[in-house]
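Student: Let me see the structure of the following:
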Amino acid sequence: MRVVALRLFFLLTLFFTSVRAKYRNVTVDSTNPSIQFVGNWNPAGAGGCDSTVQAAAFYGGVHNCTNESGTSAIFTFTGVAIYYINALIAGNVTTVVSLDSGPRTLVNLSSEFPDTDVSWGVRWWASGLDNGAHTLVIYGPSSDTTPSGTWGEVNALRRVILWLLIRSSNTICRYTVVEHENIGAIVGGAIAGLVALILAAATYHIFGEKLADWFHYLVCFSFK
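Tutor: Down below sits the predicted model:
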């Protein structure tokens with residue numbers, strides 16, 4: 001039913017408005033509270049891990065790490081892609097990630113230079129995701145879930161959001177941009193308003209406005 005409602009909504013929207021999809025990158029670093037750290041994690045240069053790393057090599061100059069068993073970092077997000085960002089660290093460094101309780105993937109974070117860290121970049125990614133809620137977990141060392149010798153490393157995470165750009169003839173709402181993740185509530189409000197739209201269209205001669213203008217009002221109101 002939700003799929004049918006979505007198709008009906010966008011079909012009507014295409015008749016009366018200009019709609020196009022856009023993608024937006026949203027990047028958070030290890031200091032962002034949206035990343036939940038479980039167990040004992042240390043900022044770079046503190047505690048028992050990465051005490052000699054070069055902060056400038058990391059996105060934003062920050063990252064958290066752990067060499068303690070049973071630790072993890074959890075990032076819940078909405079989007080169509082996720083990118084794991086980290087520097088390559090001098091020495092033998094690997095970490096383990098898992099998306100949506102899927103298989104655990106070993107990510108090699110070892111620099112090819114024995115004494116030099118390599119500047120941050122994308123080290124792992126997943127794209128083509130359903131535009132809904134997802135959970136990425138980065139694991140610290142653990143005898144039962146990760147291979148021996150792994151570390152927990154979190155520098156930055158980048159998610160990709162699908163947006164809709166709506167162009168209306170109404171100057172107040174000429175360009176309205178919303179996150180596609182809210183589309184369920186948007187469509188619900190728009191479909192509920194179609195009855196009012198039909199009644200308004202039947203009397204447009206009285207109000208001196210075109211059907212398209214009424215639909216513009218509905219679309220702009222729904223996407224606020």
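
Student: So what are the sheet partners of the longest strand that the chain contains and their directions?
Tutor: Identified as the longest strand of the chain according to DSSP state E is strand 118-139. Paired with strand 118-139 in the same sheet, following DSSP bridges, are strand 72-88 (antiparallel), strand 94-99 (antiparallel).

Student: Reformat these as JSON lines; add mean neighbour count and distance to residue 147.
Tutor: Using the backbone N, CA and C atoms, a C-beta is placed for each residue, glycine as well. Below are the strands paired with strand 118-139 laid out as JSON lines (neighbours: other Cβ atoms under 10 Å; distance: least, Cβ to Cβ, whole Å):
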{"stretch": "strand 72-88", "mean neighbour count": "21", "distance to residue 147": "15"}
{"stretch": "strand 94-99", "mean neighbour count": "20", "distance to residue 147": "7"}
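
Student: So for residue 37, which of these sits nearest?
Tutor: Comparison of the strands paired with strand 118-139 against residue 37 by Cβ to Cβ identifies strand 72-88 as nearest, at 5.2 Å.

Student: Can I get that closest one in PDB? Just the C-alpha atoms.
Tutor: Taking C-alpha atoms only, strand 72-88 is exported to PDB below (Å, rounded to 0.1, in the frame of the first residue of the first chain):
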ATOM      1  CA  SER A  72      32.500  -1.600  19.600                       C
ATOM      2  CA  ALA A  73      31.300   1.600  18.000                       C
ATOM      3  CA  ILE A  74      27.700   1.800  16.700                       C
ATOM      4  CA  PHE A  75      26.500   4.300  14.100                       C
ATOM      5  CA  THR A  76      22.800   4.200  13.100                       C
ATOM      6  CA  PHE A  77      21.900   6.300  10.100                       C
ATOM      7  CA  THR A  78      19.400   6.800   7.300                       C
ATOM      8  CA  GLY A  79      20.800   6.900   3.700                       C
ATOM      9  CA  VAL A  80      21.600   5.100   0.500                       C
ATOM     10  CA  ALA A  81      25.300   4.700   1.100                       C
ATOM     11  CA  ILE A  82      27.900   4.700   3.900                       C
ATOM     12  CA  TYR A  83      31.700   5.300   3.800                       C
ATOM     13  CA  TYR A  84      34.200   4.400   6.400                       C
ATOM     14  CA  ILE A  85      37.000   7.000   6.500                       C
ATOM     15  CA  ASN A  86      40.400   6.600   8.200                       C
ATOM     16  CA  ALA A  87      44.100   7.200   7.800                       C
ATOM     17  CA  LEU A  88      46.500   4.400   7.000                       C
END
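
Student: If you average the pLDDT over that strand, what comes out?
Tutor: Average pLDDT, strand 72-88: 96.

Student: Of all the residues in the longest strand of the chain, which ones are buried?
Tutor: 118, 120, 123-124, 126, 129, 134, 136-139 (16 or more other Cβ atoms under 10 Å).

Student: quick one, what contacts the residue lying closest to residue 56 once chain neighbours are set aside?
Tutor: In space, and not counting its chain neighbours, residue 56 is closest to residue 119: 7.8 Å by Cβ to Cβ, 6 or more residues apart in numbering. Residue 119 makes contact with 56-57, 87, according to Cβ atoms under 8 Å, 6 or more residues apart in numbering.
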